[in-house]
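Chemist: predicted structure and sequence below. I'll ask about it afterward.
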Amino acid sequence: HNIQYNNAIILNPFPETSWKVLSGNAGAKYLEKSPINKDAIRKDLQEVLKEGITSISVVLAHSYACPEHEIEIGSIAKELGFTHITLSHQAMPMCRLVARGYTACAEAYLTPHVERYLDSFKSGFQNQLQGVDVLFMQSDGGLTQMENFRGARAILSGPAGGVVGYAITGSRDTDLPLIGFDMGGTSTDVSRYAGSYEHVIESTTAGVTIQAPQLDINLSGLFVVGPESAGAHPGPTCYKKGGPLTVTDANLILGRLLPQYFPKIFGPNENEPLDYEAARKNFEELTVEINAYLKSTNDNRVLSVEDVALGFIRVANEAMCRPIRALTQSRGFDTSRHALDCFGGAGGQHACSIARELGMSKVLIHKYAGILSAYGMALADVVTEVQEPCGWEFNDKTFGNLKERLDVLCAEATSTLKSQGYDRIVLEPFLNIRYEGTDCALMCSPKKISGGSDVLKQSYGDFHETFIERYKTEFGFVLQNRNIIIDDIRVRGSGKNNTPPEQEIVSDSSSAPSEGVTKVFFEQGAFDSPVYSTSKLKAGHKINGPASLLTACLQFWLNLIAEVTKYGDLVINVGSGSKKKIDEKLDAVQLSIFSHRFMSIAEQMGRVLQRTSISTNIKERLDFSCALFGPDGGLVSNAPHIPVHLGAMQETVQYQLKVRGGTLKNGDVILSNHPQAGGSHLPDLTVITPVFYKDVKDPIFFVASRGHHADIGGITPGSMPPHSTSLAQEGAAFKSFLIVANGVFQEKETIEKFTTPTDAKGATGTRNLSDNISDLRAQIAANQKGIQLVTELIDIYSLNVVQAYMKYIQENAEVAVRNMLKDIAHDARERTGSTVLEAEDRMDDVTIDEKDGFATCDFTGSGYEVWGNCNAPRAITLSAMIYCLRCMVGHDVPLNQGCLAPIKVIIPKNSILDPSEGAAVVGGNVLTSQRIVDTVFKAFQVVAASQGCMNNITFGDETWGYYETVAGGSGAGPNFHGTSGVHTHMTNTRITDPEILELRYPLILNKFCLRTDESGGAGAFRGGEGVQRELLFRKPLTLSVLTERRTLQPYGLMGGKPAKRGQNLLIKSDGRTIALSGKTAVDVDTGDVFSMKTPGGGGYGKPGSNWKVGGDDDDDDDQSFVEKGSVFAYRQAQESV
């Protein structure tokens, strides 16, 4: 149940002086527009109680700093009889309304369930455990008393025990940082320990963002080798419940699982052993299919069952390497300079292979590896956390206040732990610190120093030095002459448990006793592998590979040596990864592995770009893309970034090849954004770096990154003028600018290009040069990371092999698209007697015609180049085509140049889709691109129209600009409803949190919600709803909007109804309401409100007709697993709205 109230608290200053001033934390001032309506709230809450709901969460904007209204509502709820009341400022007193709100809701939902479980648990004991100290593990790796155990802090409690376990036990066997590798039957958890626990304060689980300290455990879910995974139920084929072939079956076939040592818990009645024969039979059938396919392609190889099973394992291992690389390389750590600490029931089967693939030299296996998460709980400390928001600048004027607040929090944490009976207490103070004007805060503990020049250093240590060191490590640079802000003050108190020290085991210099011998298959062939029981091993025993160990389910390779430590653990010396000896001939397994590796390169480039950038657009909204290109400039692989960038970037790279030819040298970097050079629109700046290798004369690859810069000059702040009629009005343009020459950054020339206005009337140079320069340096750094990773890949496999698989991956995408087109052509012929597909769409002021014959997309008939800025450069049409084709392919293939190989695209010159050199194009990237996608999908009859627009809003003044895109409704299709409030098709950026938006910019977010007027088109499948967003301005600014479908409705398909069009309104402070056009720029005054309603998505199928939703009705809840952790959070942020 959801009750909403208008925001009664706004930020001070605001001209209305009659409003009550409220004092928030850290001296912040807020204005109360009106007191809360207690009678209305009481009435609404009584209605909720009547429905049987007794748990409530209260979430109000800025309550983390000004909690008065939340407290009042909480008091009313308590009077009425609600049994569980969560106030967001108490659940987590941190800025970010959305994350804090999700946390409060999760707390209100989960904690009553947790309390019912605890009551049931206690009821099984005498006196319900009164007087007994019962502790529960939390997601942060600390224990807490049973009465303090809360739902939002329990989500990762199981994996957290494993991190504590390997951190304490693994660090005694090596001085290397540790990568925790916890592989169970349905998921794999990856984490890092380098002398201290790595916490994240915000993470996303099942789409719900939790704002609470959690260990950074990256839960990677099920690794998919085939089209689907089995999950816990029905499980693998060998579980005898009708499940598909999985990695578990492959390990069984290869002798890496020994059925005789497993309990008889399988089969329908859960009383049978693992079924080797069933797994073997299914693999034999698959092998026959694969060999038949190889024969049909004139490939003379004949694979054995074991070859196919090894292929499963190799692909799975590469998939598991990706999150480890992301956790290390993207943060500036060398993956090979870690030890792999392996635990969980399935980890031992893959640990040695993964370690060698990553170049690690050691694998650690604890004697209780199968239950290390439980063992770690016994080693953990009891922890209490106290935290409060701050908001002060970090300088000598606030050091005394900071010390005073830290003293208070330390005393509170100490009192809590002493009341629980703990005398050995360790206190860890933290400050959550960021640079002013950025949104990237780092939780910093102080560096211990002797003495100190101020009271803060004297009492706690040097926070400033820690922040500078961490910022430089994370982002590669520090910001000069920028104020430092303290967002939060936090103290973590640990009560040390009196855990007895682990006992040393008996040593023995003789040979380790073997339980027998089994046959195990490796890539080198089949080998007799001795079987050892870890319970019978003594300290000093050395085991030569290959070998199999029971308990840890461990197999390790030839030429490896494992040694038993004095505590009974295993240390396996893996050696360093060696050069891979494979030939250039196509191998399906290697194709999958290279697909992962190429994708990983683009992903790591993106992480570096986000880390090292400065601007809100790139660092926080993630409006950027990174990709890898072949020597011909064709797209090879990309990370899941912005679709409108990815297809266009190859045009940019190919343009540079055409104009610069063989003149490029190692150390050169090119900057380009011009529409005639493959650009999308001018704010999207592309940085391209050629990749050279050893003595090869020409570039062997290219890497490129494209980022949206908030301002590059032009006639309006934000460089998105809604009424531009020429390119010169839209800002600085670069066709092929050498931003780095011979390794030297051309700073003087770059500054001159950005600050010199174009010759357009009213144009200025960039309004934020420092961000431009910083973000360009970040893009160059991201490219450099790509070069490093490409070079490492070539060092491993050889240049010829890497380039061969680059081509194979593109050819694979081409085959997939060709097969898809053949299927569509067949269906079209069956339905209409023709293979010609036609579609037409109209923009508000332009008509686009498209006729698609089998493999030809003919845009002849599109409108002429327009006087406004809806012209779309040719590269945008190609981006839209490659995106559409990739979406329509029915299985997972990388988005690359191969998708376009079977397509001929005809685009008439001097049309809206290929305008002249000086034409305005800023709207083509953000508006026309969406309409091209809708038109293509309409021709193929696959999905109704989306909102057809990115709903662009920019505002600012002569010194700064802000830009955002707003979500809308997606179109419905056969077997699925449209999605509400989502970015669609060619855009994929994140919107700024309301509290961050209001703190950083002079406005109030009055409303941001789904439309309530049924904006989605009706049909057998309904289109998604648009959103409503209202901005109240606190000072005079220039507002620009670039929007579409304000006149024409997004259409439905197959009898589905159209969606409602969008609407732009300006509500003046004197009460007048003015309708704004879809493309306009206006000056707004203090107190004015801009209200935008975005379009919904079209419906599919006649309303009331009998269509089946979602295809099969199979319950696949067990087929999925929730991903978590900072690596997933980064990717999830790229895909959010």
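Modeler: Everything's here; your move. Numbering: from 1, shown residues only.

Chemist: going forward, measure contacts between C-alpha atoms and count neighbours the same way
Modeler: Fine.

Chemist: residues contacting stretch 44-59, please?
Modeler: Outside stretch 44-59, the residues within contact range by Cα atoms under 8 Å, 6 or more residues apart in numbering are 1, 3, 70, 73-74, 77, 80-89, 97, 100-101, 104-105, 107-109, 112.

Chemist: quick one: end-to-end distance for that stretch.
Modeler: This stretch, stretch 44-59, spans 16 Å end to end (Cα to Cα, to the nearest Å).

Chemist: and it, what's buried?
Modeler: Residues Leu45, Gln46, Val48, Leu49, Thr54, Ser55, Ile56, Ser57, Val58, Val59 are the ones in stretch 44-59 that count as buried (16 or more other Cα atoms under 10 Å).

Chemist: which one of those is nearest Thr328?
Modeler: Of all the buried residues of stretch 44-59, Thr328 sits closest to Val59, with 36.0 Å by Cα to Cα.

Chemist: local confidence estimate at Leu364?
Modeler: Looking at Leu364, its pLDDT is 93.

Chemist: tell me which element it falls in.
Modeler: Following DSSP states H and E, one finds Leu364 within strand 362-365.

Chemist: what lines up beside that strand in the sheet?
Modeler: Strands that pair with strand 362-365, judged by DSSP bridges, come out as strand 339-343 (parallel), strand 570-573 (antiparallel).

Chemist: deepest-packed of those strands, please.
Modeler: Counting by mean count of other Cα atoms under 10 Å, strand 339-343 has the highest mean neighbour count of the strands paired with strand 362-365, with a mean of 30.

Chemist: and the next helix or strand past the helix-or-strand element of the chain with minimal mean pLDDT?
Modeler: Lowest on mean pLDDT, DSSP states H and E among the helices and strands of the chain sits strand 847-853, with a mean of 43. Downstream of strand 847-853, the next assigned helix or strand under DSSP H and E is strand 856-858.

Chemist: which strands or helices does that following strand pack on?
Modeler: When contacts are defined as 3 or more Cα pairs under 8 Å, 6 or more residues apart in numbering; DSSP states H and E, strand 856-858 packs onto strand 847-853, strand 904-906.

Chemist: what's the shortest one packed up against?
Modeler: On a contact count with 3+ Cα pairs under 8 Å, 6+ apart, strand 904-906 meets strand 856-858.

Chemist: and stretch 1094-1105, end to end?
Modeler: Its first and final residues considered, stretch 1094-1105 spans 28 Å by Cα to Cα.

Chemist: buried residues in it?
Modeler: In stretch 1094-1105, counting by 16+ other Cα under 10 Å, buried: Thr1094, Pro1095, Gly1096, Gly1097, Gly1098, Gly1099, Tyr1100, Gly1101, Lys1102, Pro1103.

Chemist: and those residues, which two are the farthest apart?
Modeler: Longest span within the buried residues of stretch 1094-1105, Cα to Cα: Thr1094 and Lys1102, 23.8 Å.

Chemist: can you give me the helices in the stretch 751-900 of the chain?
Modeler: 769-797, 799-832, 874-888 (DSSP state H, counting those that start in this stretch).

Chemist: returning to what we had before: which one of the buried residues of stretch 44-59 is nearest Thr205?
Modeler: Distances from Thr205 to these, taken by Cα to Cα, are shortest for Ser57, at 18.7 Å.

Chemist: find the nearest non-adjacent residue to the closest one, please.
Modeler: Thr86 (4.5 Å; Cα to Cα, 6 or more residues apart in numbering).

Chemist: the one you found should be in a strand, yeah?
Modeler: Yes: under DSSP: H, G, I helix; E, B strand; the rest coil, Thr86 sits within a strand.

Chemist: that one: how many residues sit nearby?
Modeler: Neighbour count of Thr86, defined by other Cα atoms under 10 Å: 22.
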